[in-house]
Every structure is written in C-alpha cells, then in structure tokens.
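A.B. asks: Sequence and predicted structure are below.
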Amino acid sequence: MDTDGHFQVVRAQVPARELYRYATQLRSLTAGRGLHTEEFSHYEELPPELEHHVVESAKKARSNH
C-alpha cells in the first residue's frame with residue numbers, strides 16, 4: 001500500500017476470476033471515488049480441486065448445447 005497525494009494506492013496480484021464485479025464493489029465501498037486498473041501478470045497452474053470444478057463445468061455447458 002502506497003500513498004499518492006491524497007490517494008491510497010493498493011498494489012496486489014489476484015486471480016482474474018476474483019476481479020469479476022470488482023469495479024462495481026470498489027465504487028460502492030468508496031462512494032464512487034475508487035478507481036482500479038488491471039494488468040495481466042502471468043498464468044499459474046490451478047489447484048486440483050479447482051481444476052476438477054472447471055472441467056466439470058465445461059462438460060456440463062457442452063452437454064447443454
């Protein structure tokens with residue numbers, strides 16, 4: 001966490017899926033004053049339990065078409 005004038009700046013690495021609706025939540029928490037930017041950093045292997053969930057979800061989506 002840094003400061004930039006009157007602003008608090010938070011730098012963090014988070015999984016992309018955790019950023020879903022983040023902008024809306026940030027604006028809500030900061031009364032519309034919060035801003036964010038995103039920059040891709042890297043790919044990382046999924047933990048086995050999440051990998052299983054993703055594969056099963058894809059299979060289910062494919063069978064519904």
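C.D. replies: On my side now, so go ahead.

A.B. asks: Please make it C-alpha for all contacts and neighbour counts, starting now.
C.D. replies: OK.

A.B. asks: At the geometric centre of this structure, which residue sits there?
C.D. replies: Leu19 (2.1 Å; CA atoms, centre = their mean).

A.B. asks: distance of it from Gly34?
C.D. replies: The gap separating Leu19 from Gly34 is 14 Å, by CA to CA, to the nearest Å.

A.B. asks: For whichever helix in the chain runs longest, the averaged confidence score.
C.D. replies: Assignment by DSSP state H gives helix 48-63 as the longest helix of the chain. Mean pLDDT, helix 48-63: 90.

A.B. asks: ok, and for it, which residues are buried?
C.D. replies: In terms of neighbour count (16 or more other CA atoms under 10 Å), helix 48-63 has no buried residues at all.

A.B. asks: Any chance you could list what contacts that helix?
C.D. replies: Residues outside helix 48-63 that contact it (CA atoms under 8 Å, 6 or more residues apart in numbering): none.

A.B. asks: Stretch 5-15: end-to-end distance?
C.D. replies: From its first residue to its last, stretch 5-15 covers 29 Å (CA to CA).

A.B. asks: typo on my end, stretch 32-40
C.D. replies: 25 Å.

A.B. asks: Need the residues that contact it.
C.D. replies: With CA under 8 Å, 6+ apart, stretch 32-40 has contacts from 23, 26-27.
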